[in-house]
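K.L.:
Below: sequence and its predicted model.
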Amino acid sequence: MTKSDYTSLRMGVDYYPEHWDRSLWEQDALLMKQSGVALVRIGEFAWSRLEPREGEYDFAWMDEAIDLFGSHGIDVVIGTPTHTPPRWLTTKYPDVLPITPNGGVFQPGVRGHRCFNSRSLRRLGERLIEQLAERYAQHPAVIGWQIDNEFSMLDSQSEQATEDFRDWVYRKYGTLERLNQEWGTVVWSGEYSEWNQLTPPLGGSPYQNPSFLLDFARFQWDSIVDFQQGQISAIRRHCPDHFITHNFHSYPQRLDLYAVGEELDFASFDYYPNTSPEKAATSPYSGALSLDITRGIKRQNFWIMEQLSGSPGGWMPMWRMPQPGYIRAYVWQAIARGADTLVHFRWRSATVGAEQFWHGLIDHSNVSGRRLAEFVQTSAELQRLAPLLGQTSPKAQVAILMSPEQLEALRIQKQADSFDYYENIKTYHRVLTKLGIDCDVIDWRQPLDAYQVVIAPHLYLLDDEVAERLSHFAADGGTLVTTARTGVKNLQNVCEMKLLPGLLADCTGVTVRDYDPLGSDIVRLDDREGEQFACSQWADILEPADGGRTEVLATYGGSVFFAGEATITRHEFGRGETYYIGTHPEESYLRGLLLGIMQKVGIPYIEGLPASVQVSVRSGESGSYLFILNLGREPRRIKSLGAYSDVMRGEGLLSGKLYNGHEIELEPYGVEIFRLIL
Ligand code: GAL
């Protein structure tokens with residue numbers, strides 16, 4: 001197996017051989033094979049079984065499990081087990097345990113009790129991983145590795161983290177004078193005169209120096225990257241042909257997704273869309289965003305390393321069971337947005353441990369039922385369509401910029417009640433998704449050449465590099481959409497003494513004369529046709545630049561003293577144009593605005609997509625494939641979108657019925673896939 005094989009379209013399951021009696025393994029592997037399971041992920045929590053006592057390794061059970069899967073033609077991905085250091089280790093090397101901001105110890109017993117800065121953890125973890133890598137490098141069934149499990153920032157303030165933080169700050173600033181200057185520590189007598197006075201943010205109060213808090217977060221993110229790198233190097237030394245990935249989860253995470261992704265071959269995501277009926281209107285859209293974010297981590301296709309298989313529970317009261325068709329529909333949603341391989345969590349519900357009620361494909365009874373049957377059907381469909389869909393991917397002309405630094409800085413200093421960076425990104429993304437527009441969500445520092453429209457919400461921290469890139473993008477003919485709270489600070493989290501939007505004032509053709517942090521208060525917004533909308537969160541009062549090239553698209557209305565003042569503008573800049581949205585308008589206004597932009601630029605969109613129906617395209621050398629998904633409980637109808645052949649139902653792969661000008665019926669959780677006929 002070479003690295004390129006991770007682009008195959010196929011399905012697998014997460015399996016924990018160490019949780020089950022040995023007598024079950026054989027029948028599990030057999031049933032997996034019959035069910036269309038092409039691969040399993042194992043091992044990611046199994047440290048106490050792989051190394052029961054320090055330096056005493058036991059790989060016999062893993063050999064046996066991997067051989068067994070191999071003998072059934074099932075590939076294996078090994079997870080490195082550093083998410084769960086065993087008790088012998090945490091007892092003998094307590095530095096492994098994170099120290100919480102209030103000085104408490106994050107005790108073992110649940111999981112995730114590992115301080116990324118702990119040298120014992122790195123040393124013992126890498127030693128074990130090195131052994132695993134050496135042992136399974138040549139095993140024909142082993143294809144790749146998952147590093148740790150679901151990274152997130154822990155705020156660990158251990159002694160080692162303190163020492164590493166000082167080094168990190170020293171490397172960044174060099175002298176205490178410069179540090180004091182850049183962080184503005186003069187406020188409240190926070191100046192440092194000796195390096196040993198510098199500690200992590202003890203106490204965890206958010207009311208500390210914001211520059212210090214942001215740098216501490218960046219330091220923690222770098223620590224995770226370093227921690228991961230030790231493992232990657234150990235694996236690559238022995239397994240140059242194996243892939244390495246990590247399973248990201250639940251956005252937004254306080255984590256530099258892009259830095260973690262850099263050394264990985266591809267990103268993976270753990271996808272648990274919410275099954276509750278009251279989330280039905282929002283969950284398919286936040287799910288779509290999560291998938292697009294994951295694709296954006298490396299700007300390429302990705303895997304789902306854990307996919308919902310039954311009612312989640314255990315960490316909370318159980319969610320509703322997935323309705324018939326739900327499991328299949330969400331598999332296809334992930335594929336439509338760029339997933340190639342999907343691994344279902346988990347094969348069978350656990351009978352022991354904390355996650356007994358996070359349901360797998362098979363229930364505790366071990367009697368297989370409806371959910372496994374749906375997996376079998378979906379896997380068969382995927383195998384049938386893999387020759388067409390393999391090597392295709394979504395190709396968007398619109399991008400939304402995302403930044404872990406903005407997220408963190410806006411968490412440290414919330415700008416107004418109800419103003420939420422990630423929720424606002426969700427809104428823009430949802431508006432595009434409801435218009436059937438494919439959209440990439442990428443790191444704010446990425447090149448923008450591939451796009452015609454770039455939406456850059458709340459670039460609160462801004463530097464010359466990004467400001468110039470965005471300005472060039474617009475000057476060269478792109479359309480740039482910026483919003484309130486742009487250019488407020490430099491990267492040290494220090495306010496700029498500039499008229500907002502600071503470094504983007506020229507490019508946007510506006511300045512902010514005044515602002516009102518509206519919070520949850522609603523203000524009227526009037527468009528140029530006199531139509532009235534609502535806006536909230538924030539109100540920038542805009543001053544269009546002289547020279548007449550800035551057009552006012554909307555003003556405030558109603559009884560506020562700034563009624564009649566500009567809130568949304570459009571500016572011609574070079575060969576392109578820029579929009580500045582100085583408030584958070586209700587969704588219907590944004591829909592009209594973005595639709596107008598797409599019409600102008602010539603990006604296709606669909607008006608009137610019914611609620612819960614999502615449409616997206618994957619394309620490549622084999623053609624362009626349109627996915628139409630009904631992610632809701634009600635049947636829906638949509639008008640066909642051109643000339644397509646039905647590949648989902650087609651008898652030969654490329655035969656099937658032509659749809660042109662017909663209506664397509666979508667059953668609840670219905671999935672249709674068409675190939676564009678040119
Ligand atoms: C994920 C995790 C899995 C399992 C699953 C269900 O977050 O990686 O190990 O716990 O959730 O809770």
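P.N.:
Alright, I've got the coordinates.

K.L.:
how about the residues of the stretch 351-500 of the chain that lie near the ligand?
P.N.:
Counting by C-beta under 6 Å from any ligand atom, the stretch 351-500 of the chain comes close to the ligand at 355, 358. From N, CA and C alone the C-beta is placed, and that goes for glycine too.

K.L.:
So which residues of the stretch 351-500 of the chain form strands?
P.N.:
Using DSSP state E, counting those that start in this stretch, the strands of the stretch 351-500 of the chain run over residues 398-402, 439-443, 453-456, 479-483.

K.L.:
So for Glu496, which of those sits nearest?
P.N.:
strand 479-483 (15.2 Å; C-beta to C-beta).

K.L.:
which residues does the closest residue to the ligand within the stretch 501-650 of the chain contact?
P.N.:
Per C-beta to the nearest ligand atom, Leu631 is where the stretch 501-650 of the chain lies closest to the ligand, at 21.0 Å. Leu631 is in contact with 283-284, 287, 329-330, 333, 612-614, 669, counting by C-beta atoms under 8 Å, 6 or more residues apart in numbering.

K.L.:
Mean pLDDT, distance to Arg53 and mean neighbour count for the strands of the stretch 351-500 of the chain - can I get that in TSV?
P.N.:
Listed next are the strands of the stretch 351-500 of the chain as TSV, based on pLDDT from 0 to 100; distance: least, C-beta to C-beta, whole Å; neighbours: other C-beta atoms under 10 Å:
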stretch	mean pLDDT	distance to Arg53	mean neighbour count
strand 398-402	98	45	26
strand 439-443	98	43	24
strand 453-456	98	53	25
strand 479-483	98	56	25
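
K.L.:
Pipe the ones you listed into CSV and attach distance to Ile293 per row.
P.N.:
Supplementary listing: the strands of the stretch 351-500 of the chain in CSV, determined by distance: least, C-beta to C-beta, whole Å:
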stretch, distance to Ile293
strand 398-402, 7
strand 439-443, 5
strand 453-456, 14
strand 479-483, 18
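
K.L.:
you'd agree Ala267 is up against Phe243?
P.N.:
No: using C-beta atoms under 8 Å, Ala267 is not in contact with Phe243, being 11.3 Å away.

K.L.:
returning to what we had before: quick one: which of the contacts of Leu631 sit in strands?
P.N.:
613-614 (DSSP state E).

K.L.:
Of the contacts of Leu631, just the buried ones, ChimeraX syntax please.
P.N.:
The ChimeraX command for the buried members of the contacts of Leu631 (criterion: 16 or more other C-beta atoms under 10 Å) is given here:
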select :283,284,287,329,330,333,612,613,614,669
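
K.L.:
can you tell which of the strands of the stretch 351-500 of the chain is closest to Arg337?
P.N.:
Among those, strand 439-443 sits nearest to Arg337 (C-beta to C-beta), with 9.9 Å.

K.L.:
Show me the contact partners of that closest one.
P.N.:
By C-beta under 8 Å, 6+ apart, strand 439-443 touches 257-258, 289, 292-293, 295-296, 299, 394, 396, 398-403, 425, 429, 432-433, 450-451.

K.L.:
Leu525: what secondary structure?
P.N.:
Recorded secondary structure, Leu525: strand (DSSP: H, G, I helix; E, B strand; the rest coil).
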